[in-house]
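Q: heads up, no residue letters with this:
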């Protein structure tokens, strides 16, 4: 009988040790997850745009008023729009398709060089439509 009690005690101690080990492993996993979460850089959300989208520039639009509107949008909401490439295409997409065709060489040049400066489009438009 005493042998049986010793066996039951041994089984109980073994189960307790396994339970303790599982608890330690669980704690380690939680600690590792917490460290991993803190170590990863948080991706900051872009700010929300605050200005409305300007109207598309057409050959009938006054360039000086549109230029002020698009520059204001890109200055105030540039970070919300994105990087230089996103701002370049934002401006391009705010042009009527006829005007887009006029500046298409600038788009091709930007793709080739990897330099996306929306001012290059504005300079060309100012030469063509500015008074």
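A: That came through fine. No experiment lies behind these values; they were computed from the predicted model shown.

Q: Could you tell me the average pLDDT over the helix or strand hosting residue 119, please?
A: In the assignment (DSSP states H and E), residue 119 maps to helix 118-129. Averaged across helix 118-129, pLDDT comes to 96.

Q: quick one: buried residues of that helix?
A: In terms of neighbour count (16 or more other C-beta atoms under 10 Å), helix 118-129 has its buried residues at 118, 120, 121, 122, 125, 129. Backbone N, C-alpha and C define where each C-beta goes, glycine included.

Q: Which strands and helices lie in contact with that helix?
A: For helix 118-129, the elements it packs on are helix 63-81, helix 84-93, helix 97-113, judged by 3 or more C-beta pairs under 8 Å, 6 or more residues apart in numbering; DSSP states H and E.

Q: can you tell which of these is closest to residue 19?
A: If you check each of the helices and strands packed on helix 118-129 against residue 19 by C-beta to C-beta, helix 63-81 wins as the nearest, at 52.8 Å.

Q: just the angle between the closest one and helix 84-93, please?
A: Relative orientation of helix 63-81 and helix 84-93, computed by axes from the mean of the first three to the mean of the last three C-alpha atoms, to 10 degrees: 140 degrees.

Q: which secondary structure elements does helix 63-81 contact?
A: Here helix 63-81 touches helix 84-93, helix 118-129, going by 3+ C-beta pairs under 8 Å, 6+ apart.

Q: quick one on the thing from earlier: what is the nearest of the buried residues of helix 118-129 to residue 68?
A: When the buried residues of helix 118-129 are compared against residue 68 (criterion: C-beta to C-beta), the nearest one is residue 122, at 11.0 Å.
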